[in-house]
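K.L.:
Just to be clear, the model below is a prediction. Sequence and coordinates:
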Amino acid sequence: MKEAADKVMVALDKPDAALALALASELYGTGCWMKVGMELFYAVGPAIVRELKARGFRVFLDLKMHDIPNTVRGGARSITRLGVDMFNVHAAGGAAMMSAAVEGIQEAAAHTTAAPIVIAVTQLTSTSEQVLNEEIGIAGSVEDAVVRYARFARKAGLHGVVASPLEVAAIKSACGSDFITVTPGIRPSGADAGDQIRITTPSDAVRGGTDYLVIGRPITGAPRPAEALENILKEMTEA
Ligand SMILES: O=C(O)c1cc(=O)[nH]c(=O)n1[C@@H]1O[C@H](COP(=O)(O)O)[C@@H](O)[C@H]1O
């Protein structure tokens, strides 16, 4: 179970620190990561990251930076000083912006502690091929678009990408097995997909070779989150 928990990042999508920390306490001891996203960070700020780190959690700060290179470089410096284990930027910001994130980490890490892992969001798991083609304006399949971004992310010096588990094999084949894949869009069978489009079950994600499974509502929205996590870890272990 410990091996499976090392791969799970629970999305703490909660509106305040009390609710987030209550959930974190309930899941403490499993060994899973905590993902702090926009809802929690915009409400509580860096204090929530410090608190989770003080409690011994590994933290993925999911703020999906997408701006001019100079701004992203500064953002990456601040995030590195905060001491997160992982953060993300949007690959759509381009290779120069992604390289700037890496430079920001290096600049700050020279003065502080360990450098975080930085990954690029390829195409959001809520995006369908139709939306990609007609609204975002990128022709072709989602997989091709994801792999193209992954190649640029790798070239820019990032450690990996965020994508659906459905694209992991193609990403690993294009960028190498050590290129990290972080995959939301996880739904145990029978769970409500909600706004997610490109989904798989936890066991299919594991069989597909993903490195990390990002899971929110199937755990955080369950009547007993610790039990929901345990069931998912069991499914992963058996996969
Ligand atoms: O970067 C992310 O974490 C992310 C990228 C993506 O393409 N899709 C995606 O769902 N996420 C995040 O992963 C989590 C998924 O949550 P659930 O859909 O509730 O399991 C949310 O916190 C999203 O913000």
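P.N.:
That came in fine, so what should we check first?

K.L.:
So residue 119 lies in a strand, does it not?
P.N.:
Yes - the assignment for residue 119 (DSSP: H, G, I helix; E, B strand; the rest coil) places it in a strand.

K.L.:
Can you pull the residues of the protein lying near the ligand?
P.N.:
Counting by C-beta under 6 Å from any ligand atom, the chain comes close to the ligand at 11, 13, 37, 62, 64, 88, 121, 124-125, 162, 184, 194, 196, 214-218. Yep, even glycine has a C-beta here, placed from its N, CA and C like the rest.

K.L.:
In PyMOL, how would I select the buried members of the residues you listed?
P.N.:
Burial among these is assessed by 16 or more other C-beta atoms under 10 Å; the matching PyMOL selection reads:
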select buried, resi 11+13+37+62+64+88+121+124+125+162+184+196+214+215+216+217+218
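
K.L.:
Where helices are concerned, which of the residues of the chain next to the ligand count?
P.N.:
The helices, defined by DSSP state H, take in 217, 218 from those.

K.L.:
Out of the residues of the chain next to the ligand, list just those in strands.
P.N.:
Applying DSSP state E to these, the entries found in strands are 11, 62, 64, 88, 121, 162, 214, 215.

K.L.:
Help me confirm that the second one comes into contact with residue 90.
P.N.:
The reference is to residue 62. No - judged on C-beta atoms under 8 Å, residue 62 makes no contact with residue 90 at a distance of 11.3 Å.

K.L.:
The spatially most central residue of the chain: what's it in contact with?
P.N.:
In the chain, the centroid-proximal residue (C-alpha atoms, centre = their mean) is residue 182; its distance is 5.2 Å. Contact partners of residue 182, counting by C-beta atoms under 8 Å, 6 or more residues apart in numbering, are 9, 60, 86, 88, 119, 160-163, 210-212, 214.

K.L.:
got a pLDDT number for it?
P.N.:
pLDDT, residue 182: 99.

K.L.:
Shouldn't it be within a strand?
P.N.:
Yes - per three-state DSSP, residue 182 lies within a strand segment.

K.L.:
Quickly note the distance from it to residue 226.
P.N.:
23 Å (C-beta to C-beta, to the nearest Å).

K.L.:
What of residue 20?
P.N.:
In terms of C-beta to C-beta, residue 20 sits 15 Å off from residue 226.
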